[in-house]
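Asks: Structure for this input, please:
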Amino acid sequence: MHFIADEFLRRNQFQKIKNSNQTISDFEMSSENIGAYLNEFREKHFVSWLADIIICLGLITPPLVVIFVRHSTGYYDKKVHRHSKHYEKKGNREKYFEETYSEKTTNGISPELRAVLWPNVENYDEIEALNISDRKEPLPQDLGKLKNLSVLNISDTTFKELPASFGDLKKLEVLNISDCKLTSLPESFGNLANLTVVNISDCKLKSLPYSFGNLASLSVLNISDCKLESLPESIGKLPKLTALNVSDCKLSELPKSIGNLVNLKKLGLSHNRLTEIPESIGNLSNLKKLNLSNNRLTELPESISRLSKLEELDLGNLADSEKHGYPYNSLTELPESIGNLSNLKKLNLSYNQLTELPESISRLSKLEELDLRGNPLREMPDSLKRSGIRIKF
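Replies: Residues are numbered from 1 along each chain as shown. A predicted model of the protein is given here:
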């Protein structure tokens with residue numbers, strides 16, 4: 001299950017990464033790496049660069065997303081702001097809040113919103129990170145009043161729509177709405193101009209609003225395992241997008257504007273219903289990983305050969321895809337120009353309908369792995385046989 005961790009790295013480990021030659025984006029996150037809660041960051045302005053948010057958004061394997069967040073106002077009662085479900089275990093949650101709050105709204109905040117915050121917080125404008133995941137009640141209608149909120153986790157919830165005030169969270173940078181019943185996003189979603197990371201995976205989402213193209217700061221977008229049938233043309237207006245995962249949806253076509261995402265490095269489109277890829281995909285000059293497995297492709301565009309930085313290309317299928325009712329690719333040939341992918345390291349062509357390979361494939365000097373299982377190949381190029389490539393056949 002896709003998720004954003006609500007824990008953060010300890011300071012000394014973060015400093016260790018920052019002081020090494022290893023880039024933040026390359027650092028492998030795991031449960032051993034994840035440290036204490038946000039209260040570990042006691043020093044004011046300790047993490048002030050949200051540009052260094054760690055996102056391990058694997059487009060082929062389920063992602064673990066770990067976030068570094070600036071918390072400039074200290075900490076409250078040594079706790080992260082999160083839905084206090086542990087009170088339900090200790091006693092009557094409603095009684096606890098009745099004793100803590102008056103029935104009247106204070107500071108313009110409704111009782112519903114106060115109920116998901118820690119009671120000793122007096123200045124709600126100071127809240128920058130909030131976790132109200134695993135919640136059965138609707139979201140507070142005045143959630144948008146948290147003007148300085150920059151990180152919000154509302155995963156594993158049952159709500160079907162966002163409150164009208166959601167578009168007022170103008171400082172929101174990291175948002176996780178995964179594993180929920182959400183069916184649509186309001187047009188006002190496009191007002192969140194500072195959003196950098198969005199995870200809306202495993203939802204009931206059927207479409208994205210056109211205003212999605214207004215999210216000019218967006219760097220990572222995961223909308224996998226939804227019911228999306230199409231992407232808006234405005235998706236091409238996201239100049240900073242580096243990772244896009246739209247796997248396990250119901251896409252039957254891609255907008256031509258996808259070729260405008262020139263900074264994209266990872267693109268996951270597996271397990272959809274794509275019958276063709278637009279020629280504009282050749283404009284993705286920085287793309288390193290492209291997953292098109294288990295679609296309904298019968299041919300590739302010539303322009304795919306222009307992806308000069310591509311390192312991994314997955315065009316394969318799962319074994320017995322047809323038997324299990326999965327969509328599957330049926331490539332009968334590869335373009336001769338595929339040999340121009342000079343940086344390609346991994347190529348998966350499994351369970352297609354290839355009877356031969358182009359001679360140019362032997363020009364892929366950096367190729368390390370080639371999966372040809374399940375194809376009715378008559379022969380392989382001699383040069384390929386003599387190479388040191390790991391071939392699955």
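Asks: Run a quick check on residue 199 versus residue 176, I expect a contact.
Replies: Yes: with the criterion set as CB atoms under 8 Å, residue 199 and residue 176 qualify as a contacting pair; they are 4.6 Å apart. Yep, even glycine has a C-beta here, placed from its N, CA and C like the rest.
Asks: is the most centrally placed residue in the chain in a bridge, and if so with what?
Replies: Against the mean C-alpha coordinate of the chain, by CA atoms, centre = their mean, the closest residue is residue 222 at 2.6 Å. Under DSSP bridges, the beta-bridge partners of residue 222 are residue 199, residue 245.
Asks: so it touches residue 199, yeah?
Replies: Yes: using CB under 8 Å as the test, residue 222 is close enough to residue 199 to be in contact (4.5 Å).
Asks: and the residue nearest to residue 362 when sequence neighbours are not counted, which of the three is it?
Replies: With sequence-adjacent residues excluded and distances taken as CB to CB, 6 or more residues apart in numbering, residue 362 is closest to residue 383, at 3.8 Å. The three-state assignment at residue 383 reads helix, by DSSP: H, G, I helix; E, B strand; the rest coil.
Asks: any chance you could map the helices in this structure?
Replies: Using DSSP state H, the helices found in the chain span residues 11-19, 86-90, 93-100, 111-114, 382-386.
Asks: Strands of this protein, start to end?
Replies: Using DSSP state E, the strands found in the chain span residues 3-4, 64-65, 129-131, 151-153, 174-176, 197-199, 220-222, 243-245, 266-268, 289-291, 312-314, 346-348, 369-371, 390-392.
Asks: Now distance to residue 168 and mean pLDDT too, for those, in CSV please.
Replies: What follows is the strands of the chain, written out as CSV (distance: least, CB to CB, whole Å; pLDDT from 0 to 100):
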stretch, distance to residue 168, mean pLDDT
strand 3-4, 22, 28
strand 64-65, 24, 29
strand 129-131, 14, 90
strand 151-153, 13, 94
strand 174-176, 14, 97
strand 197-199, 17, 97
strand 220-222, 21, 98
strand 243-245, 26, 98
strand 266-268, 31, 98
strand 289-291, 36, 98
strand 312-314, 40, 98
strand 346-348, 44, 98
strand 369-371, 49, 96
strand 390-392, 53, 90
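Asks: I'd like the ones you listed written out as TSV, with distance to residue 112 added.
Replies: TSV is the format used below for the strands of the chain (distance: least, CB to CB, whole Å):
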stretch	distance to residue 112
strand 3-4	23
strand 64-65	28
strand 129-131	14
strand 151-153	16
strand 174-176	20
strand 197-199	24
strand 220-222	28
strand 243-245	33
strand 266-268	37
strand 289-291	41
strand 312-314	45
strand 346-348	49
strand 369-371	53
strand 390-392	55
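Asks: my guess is residue 381 meets residue 361, correct?
Replies: Yes: Residue 381 lies in contact with residue 361 (CB under 8 Å); the separation is 6.6 Å.
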